[in-house]
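Engineer: Quick one, structure for this:
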Amino acid sequence: MASLPLFDTDGAIYMASRRDPAGCRVGLFGVPYDGTTSFRPGTRFGPAAIREVSSGLETYCPQLQLDLEDLAFADLGAVEIPFGNPEPVVAAVRRATQAVLELGLKPLMLGGEHSISSGAVAAVAQRHPELALVQLDAHADLRQEWLGARHSHACAMRRCLEVLPSGQLLQIAIRSGTREEFRELSSSGRLVAIERMAEALRLLRGRPLYLTVDLDWFDPAVMAGTGTPEPGGFHWPDFAALVEELRQHQLVGADVVELAPQLDPSGVSSVLAAKVTRSLLLLLGAQ
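Structural biologist: Below is the predicted model:
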């Protein structure tokens, strides 16, 4: 099959995937962009790093008792994006996500910085107007603008809310933000403590869900390779608890963002990101 015009298929491919989307259930794609990074750059290298280390994992997930070898999914490559400002990049992501949906696939996007998520959410919400958004993140990302940019990665959830018809956003265990952001989190009821994660998600069973995973949600002890690390984060058992609950949900799209692999010479951060990706592929493919 000739490659889709919106995607560049040069480079590594995620383990057990194929290029041809025919007959597939999930479409994986990368967005190598970090144009608004506010602290340490490098997330443009994240999608390639996740693919490159994925073969170091098993295709089988003991928690889900599912195997990627049994899932028909396509690695479509990298979205071809313009250099520079984020607005054209977000628009390109939206078009690419729409193309994935039109192929009958559920989208799983690898970033790149968090600013790209609003493009994917907009496309999925157009297909699923009742879409609810679930955010794993160290940061609230609710600024109206940051350093003059409305589409900065520090504004990711603000921009997502603008394209989310339901207005339903759960922000799980956010631990960093401005005073104003935390006032909004408190008054809106969107902030969910880790202890209440499963309880809050149960209320969304039956609704289409989009999960956005900013990898700095994990503690820097296990995720050093991210641009804005924040102490006090979470570990694999916390993510596994989320995966367990999501087995009962209609997950229709997801992204994994903010891996800056060069900041962790050990490569452990990239492996963690690849394992998160494996879980999400299997969840998307099983539903």
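Engineer: correct me, but residue 26 touches residue 73?
Structural biologist: Yes: Residue 26 lies in contact with residue 73 (Cβ atoms under 8 Å); the separation is 4.0 Å. Using the backbone N, CA and C atoms, a C-beta is placed for each residue, glycine as well.
Engineer: Can you work out which residues contact both of the two?
Structural biologist: 105, 281, 285 (Cβ atoms under 8 Å, 6 or more residues apart in numbering).
Engineer: between those residues, which is closest to residue 180?
Structural biologist: residue 281 (36.7 Å; Cβ to Cβ).
Engineer: OK, contacts around that closest one?
Structural biologist: 14, 26, 28, 68, 71, 73, 108.
Engineer: Format those as TSV; extra columns: pLDDT and distance to residue 219.
Structural biologist: As requested, the contacts of residue 281 are exported to TSV (pLDDT from 0 to 100; distance: Cβ to Cβ, whole Å):
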residue	pLDDT	distance to residue 219
14	98	25
26	98	28
28	98	26
68	98	27
71	98	30
73	98	29
108	98	24
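Engineer: Strands of the stretch 51-200 of the chain, start to end?
Structural biologist: 60-61, 66-67, 73-79, 106-111, 132-136, 169-172, 191-192 (DSSP state E, counting those that start in this stretch).
Engineer: separation between residue 221 and residue 231?
Structural biologist: Counting by Cβ to Cβ, to the nearest Å, the gap from residue 221 to residue 231 is 9 Å.
Engineer: same thing with residue 119?
Structural biologist: When residue 119 is compared with residue 231 (using Cβ to Cβ), they lie 30 Å apart.
Engineer: Same question for residue 146.
Structural biologist: For residue 146, the distance to residue 231 - Cβ to Cβ - is 21 Å.
Engineer: higher neighbour count, those two?
Structural biologist: The neighbour count for residue 146 versus residue 231, taken as other Cβ atoms under 10 Å, is higher for residue 146 (17 against 10).
Engineer: Pretty sure that one sits against residue 86.
Structural biologist: No: with contacts counted by Cβ under 8 Å, residue 146 stays clear of residue 86, the gap being 11.0 Å.
Engineer: How many residues are close by residue 222?
Structural biologist: Neighbour count for residue 222, taken as other Cβ under 10 Å: 16.
Engineer: what residues are up against it?
Structural biologist: With contact taken as Cβ under 8 Å, 6+ apart, residue 222 is in contact with 235, 236, 268, 269, 272.
Engineer: Show the buried residues in those.
Structural biologist: The neighbour count (16 or more other Cβ atoms under 10 Å) marks 269, 272 as buried among the contacts of residue 222.
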